[in-house]
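# When you get a sec, could you give me coordinates for this:
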Amino acid sequence: MSRIGKQPIAIPAGVTVDVDGSRVTVKGKLGELTRTFHNGIGITLDDGKVVVTRADDSRILKSCHGLTRTLIHNMVVGVSEGYKKALNIEGTGFKAALNGKILSLSLGFASPKEYPIPEGITITVDPAGVNVTVEGTSKELVGDVAARIRSYYPAEPYKGKGIKYVGEKIRRKQGKTVA
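Okay, here's the model as predicted:
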């Protein structure tokens, strides 16, 4: 039995979970998330808790058991509390700006990088344009959007300029020295 998969998921107040076969819908104060899971995984509701079981001990169901439980837990946390990733932009002239549903990043290239903000994601930029916050209900989508924004100019190890996660440590290098 999967150590993670056998743990029940507590449903907080204000969140409703609907199970229709292998399709799970979670509704909360921040929105609604729906996901379809593998057919061999059983999902049941027991007095305010979601319990995930598997039909047999086949290799595919063993691998999906803990994953399914974690994905449902992430859905419950997402609609009740939400997820947030913070990015920091360092460098002379490097900044971000919001233009409607498009994030414009000035990163030292000839033209600014434009990132269209997907549905279900809220991006906020501070007035100085160096701190970007990505928020949403889906942990997967928040992480993906933050990683795509960071991929335009990841922080480099010599001067440290670029886009990095808040709290991320950039290993700095010495650079060349003249004899």
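# Can you name the next helix or strand after the helix ranked longest in the chain?
Assignment by DSSP state H gives helix 59-80 as the longest helix of the chain. For helix 59-80, the following helix or strand on the C-terminal side (DSSP states H and E) is strand 83-90.
# quick one: contacts for Ile43?
By CB atoms under 8 Å, 6 or more residues apart in numbering, the contact set of Ile43 is 19, 22, 24, 37, 50-53, 68, 72. C-beta here means a position set from N, CA and C on the backbone, and glycine is covered the same way.
# Okay, and which of those residues map to helices?
When the contacts of Ile43 are checked against helices (DSSP H), the matches are 68, 72.
# and the residue lying closest to Ala10 once chain neighbours are set aside, bridged to which residues?
If you skip the residues right next to it in sequence, Ala10 has Lys49 as its closest partner in space, 5.7 Å away by CB to CB, 6 or more residues apart in numbering. Beta bridges link Lys49 to Ala10, Asp46, judged by DSSP bridges.
# so who does Lys49 touch?
By CB under 8 Å, 6+ apart, the residues touching Lys49 are 8-11.
# Can you give me the separation between it and Tyr158?
Counting by CB to CB, to the nearest Å, the gap from Lys49 to Tyr158 is 51 Å.
# contacting residues for the spatially closest residue to Ser22 that is not a sequence neighbour?
Leaving out its chain neighbours, the residue that sits closest to Ser22 by CB to CB, 6+ apart is Phe37, at 4.9 Å. Counting by CB under 8 Å, 6+ apart, Phe37 touches 22-24, 43, 64, 68, 71.
# Next: Lys161.
Contacts were defined as CB under 8 Å, 6+ apart; by that measure Lys161 touches 90-92, 94, 153, 155.
# would JSON lines of these with neighbour count be doable?
Shown next, in JSON lines, are the contacts of Lys161 (neighbours: other CB atoms under 10 Å):
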{"residue": "Glu90", "neighbour count": "16"}
{"residue": "Gly91", "neighbour count": "18"}
{"residue": "Thr92", "neighbour count": "7"}
{"residue": "Phe94", "neighbour count": "17"}
{"residue": "Tyr153", "neighbour count": "20"}
{"residue": "Ala155", "neighbour count": "21"}
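# Max pairwise distance over those: which two?
Maximum pairwise distance in those, criterion CB to CB, is 14.1 Å, between Thr92 and Ala155.
# ok, which stretches of the chain are strands?
With DSSP state E, the ranges of strands along the chain come out as 9-10, 16-20, 23-28, 31-36, 41-46, 49-54, 83-90, 95-99, 102-106, 113-116, 121-125, 131-136, 162-165.
# Pipe the ones you listed into TSV and attach distance to Lys173 and mean pLDDT per row.
Formatted as TSV, the strands of the chain follow (distance: least, CB to CB, whole Å; pLDDT from 0 to 100):
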stretch	distance to Lys173	mean pLDDT
strand 9-10	44	95
strand 16-20	49	94
strand 23-28	45	96
strand 31-36	42	96
strand 41-46	47	93
strand 49-54	46	94
strand 83-90	16	96
strand 95-99	25	95
strand 102-106	25	96
strand 113-116	25	96
strand 121-125	30	97
strand 131-136	25	97
strand 162-165	14	96
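# No further queries at this time; thank you.
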